[in-house]
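Novice: Predicted coordinates and the sequence they were generated for:
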Amino acid sequence: MAAMVKSTSGKHLTEIMTRGYMDLHGKAADGAFCVWIAINVPAEIFAGFDDMVYAVPESHAAMCAGKGIGAKMCEKAEGIGYSMDLCSYARIDIGNAVDGGKDSPTFGLPRPDLLVSNNNNCSLLTKWFDVHHREWDVPHFIMDIPFCYEPQKSKDHEYIVGQIHDLIRFIEKLSGRKFHADRFAEAVHNTWEGIRQWKRFLACARHRPSPITAFDSFVHMAPFLTQRGTTELKIHYTLLADEAEEKIAANRYPVPGERYRLFWDNIAPWHQLRNMSQRLARLDANIVGASYTSCMGTVEGSFDLHPWDEKDPFDYIGRTMNAYMCPHGMELRYSAMKSVVSDLAVDGVIFASNRSCKPYSITQQDQLKRIRDELGVPAVMIAVDHADVRKYNEENAFLQIEALLETIADKKS
Amino acid sequence: MRPATRVSALLKRKQPKEQVIGCFPPYPPVELFAAMGALPSVLWNLRGSLDDFTKADEHVQNYACGIARELVQFHLSEAGSLVDGIFSYNACDTLRNTPEIIAAANIEAGRAIHMLRMHVPQVDRSQSNPDRYLRKEIARLIEAVEIAFDTRFSPERFFQTTKRYGQMRALCREAESLVAQGRLSFGAFCGVVLQGHLLPVKEQIENLTGLIATGNGRKSGAGKRVLVSGIMPPPAPVVRAMEASGLCVAANDIASLARSYAYSPAATEDPGDYYLDFFANRFPCTTLLYRADDRVEAFLRLVTDARARGVIFSGEKFCEHEYFEFPYLEKRLRALSIPTLFLEFSVDDAENIGAYATRLEAFAEMIEP
């Protein structure tokens, strides 16, 4: 097999992620105030303060899983009593804390001065952060984001915006640093610019064959988590989108003989990115999109970019707090899925039933039936765990996927 | 009493015009529903009352907790059709998705069930003030119940109802102290309290009064004092094995038992005041995220006050809220030289009673009298 050649955006990703983690460690070592956050926490807030850095344990855990050391780190947490049934991100992070990041590709994360979690993606995140809160006696701020069964209500929006202001006051008091609203606004603007480019990148999947795969989007979402609010976000996603458009112009496709256009529902199987993408490509199948990465920059019920008039950053941040898939219900998820199936001309959907993510997975059986029965789109469910390879069986998964491809082929013929 | 009988009790109670509101998770505003003329039934201990999980398995993966699978199975079975409304609030990631699954399946089956819900604020009161939001949520819920069941809220009736619930919870605490003295079995106590979750408060009071009279008529018994902690008590056969091993439940930290009755606000005509007080002062539960800072100390105080010589954790498999805490609680208990036993239960584990009994006997031998 020919050696994999890294694309320009791939090289840039490595560069900014490496620099990001080095900066994080360096600044924290020099006394910067360090905050650990759940991925849905509006990180742009920290740009409003002098000398403040943030780390994202979920993103770090995904990186560990991607580098093949997820299971090893999970075992460390299990060794001190944490159940194998708990989320593998949490187990990796707790395992990482056990020995100060000995096996981590980033040498772990610097010890936090503050933990900020929320309960919208999953409420277990607050329980996970409580583990560190108790063990290290580090303050823990919990943002309470009401789950959306219907589009976000104004009462909930008001409640969320109120908490963003509470968080800012809390940090000011704890860190002794003053918040600068103009810098926060600038950071939100930077994120917004980055997201617009991200959506341009994802839109390239409409082309047949697609110049991108969902695996590209999984890998490249990392800066959105760890470098929110920076100009780097726009630079990177512009490069990524340009590259995808150039591929179309040059007729270069990851799955040149693309016969099956699939859609993925759930978190990425981090330990399988290369294996799965290569094996699918050999079957002329391409996962052209994923709910996991399509929801960035949107609001509940749609994968379209949520517009912002750039007036009130608090209003915008509050409004997009239910953006990811988990903070909203089955009807809204179906609405977004239905639209994307048509938009990307999807032939089949893979529902990845993820033992480590119940909020993402619990409604999938009903979703699968609706996609299959109401939209007439073949769908299949495979068992995965996003970061613990011990709970994944490749042959079983591909048995299901190959059956899906046969169904699609039969339907087409 | 076996759980099957408890659910049967719900079915028998169903009167032609009675509105039953099935509620989950374990801390719904039952006083409000009762005051508005409905029968609130807290559906939190359905284990053993269901023949199979065939309907649930069509909708929910088997790595969801037994509670969620039981709720779906119950609501989609014949028993569920006797519920006129379903109330839910935010607690865990699995249960927040369950109401929509049940609602969709009911619509498909042509059953109209009112879906009621509220968001219980989970912010830490030292960081954010949730009072205004919670008052609005209660007001919205009252309005939703009025519309759904064509009823009107009465402050006076709410006052009377909250008074009765306060009385009921005081009786629960009194009965618990008789269990700690060895004058009542923990099994009998669980039976009455858990059955009460399905009954009108008046009957709960009558049953508890009868139970207490029985306990008062008995002499104190000696047993090795343990505290039992979990989201649900162990299944009845395991509780029997526990008591047969010579263990006496000196206190419990169980969501459907002490965490539910440990605190009751003073009676009032204002539901906003009542639930502000309740949510702020409720015994810290793993599912109440905003009580995390009080949780560990409250738990350890309970162990100390009860003079418990050991702790039994009753783990509900896949309950992340509980499982994230067990290792830390065990660590703190180790520092106090208090031994622990961890038991894990899923939907059908009570059938394999032998292994549990052996472990309980071994644990009882370790415990100082």
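Specialist: Looks like it came in fine.

Novice: how about the CA coordinates for stretch A:234-246, as PDB?
Specialist: The C-alpha trace of stretch A:234-246 is given here as PDB (Å, rounded to 0.1, in the frame of the first residue of the first chain):
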ATOM      1  CA  LYS A 234     -10.900  30.800  10.300                       C
ATOM      2  CA  ILE A 235      -7.500  30.400   8.700                       C
ATOM      3  CA  HIS A 236      -7.600  26.600   9.200                       C
ATOM      4  CA  TYR A 237     -11.200  26.100   8.000                       C
ATOM      5  CA  THR A 238     -10.600  28.400   5.000                       C
ATOM      6  CA  LEU A 239      -7.700  26.200   4.100                       C
ATOM      7  CA  LEU A 240      -9.700  23.100   4.500                       C
ATOM      8  CA  ALA A 241     -12.700  24.300   2.500                       C
ATOM      9  CA  ASP A 242     -10.400  25.600  -0.300                       C
ATOM     10  CA  GLU A 243      -8.700  22.300  -0.400                       C
ATOM     11  CA  ALA A 244     -12.000  20.400  -0.800                       C
ATOM     12  CA  GLU A 245     -13.100  22.700  -3.600                       C
ATOM     13  CA  GLU A 246      -9.700  22.300  -5.300                       C
END
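
Novice: and it, which residues are buried?
Specialist: When neighbours are counted by 16 or more other C-beta atoms under 10 Å in any protein chain shown, the buried residues of stretch A:234-246 are found to be A:234, A:235, A:236, A:237, A:238, A:239, A:240, A:241, A:243, A:244, A:245. (C-beta placed from N, C-alpha, C; glycine too.)

Novice: Over in the stretch 1-150 of chain A, which residue gets nearest chain B? Let me know.
Specialist: residue A:81 (3.4 Å; C-beta to the nearest C-beta).

Novice: residue contacts, that residue?
Specialist: Contacts here follow C-beta atoms under 8 Å, 6 or more residues apart in numbering or on different chains; on that basis residue A:81 touches B:326, B:327, B:330, B:331.

Novice: Tell me the buried residues within the residues you listed.
Specialist: Once neighbours are counted (16+ other C-beta under 10 Å), the buried part of these comes down to B:326, B:327, B:330.

Novice: Hmm, the first one is touching residue B:314, no?
Specialist: Right, the one you point to is residue B:326. No. Using C-beta atoms under 8 Å as the test, residue B:326 is too far from residue B:314 to be in contact (10.6 Å).

Novice: list residues touching both of those two?
Specialist: None of the residues lies in contact with both residue B:326 and residue B:314 under the rule C-beta under 8 Å, 6+ apart.

Novice: and which of the buried residues of stretch A:234-246 is nearest residue B:255?
Specialist: Lowest distance from residue B:255 to the buried residues of stretch A:234-246 (C-beta to C-beta) belongs to residue A:237, with 45.4 Å.

Novice: returning to what we had before: in helices, which of the buried ones among the contacts of residue A:81 fall?
Specialist: B:326, B:327, B:330 (DSSP state H).

Novice: ok, and of those, which contact chain A?
Specialist: With respect to chain A, and counting by C-beta under 8 Å from any C-beta of the partner chain, the subset of those in contact is B:326, B:327, B:330.

Novice: Nearest to residue A:148 among the residues you listed?
Specialist: Of all these, residue B:326 has the smallest distance to residue A:148: 31.3 Å, by C-beta to C-beta.

Novice: give the contact list for the closest one.
Specialist: With C-beta under 8 Å, 6+ apart as the criterion, the residues that contact residue B:326 are A:81, A:83, B:313, B:315, B:342.
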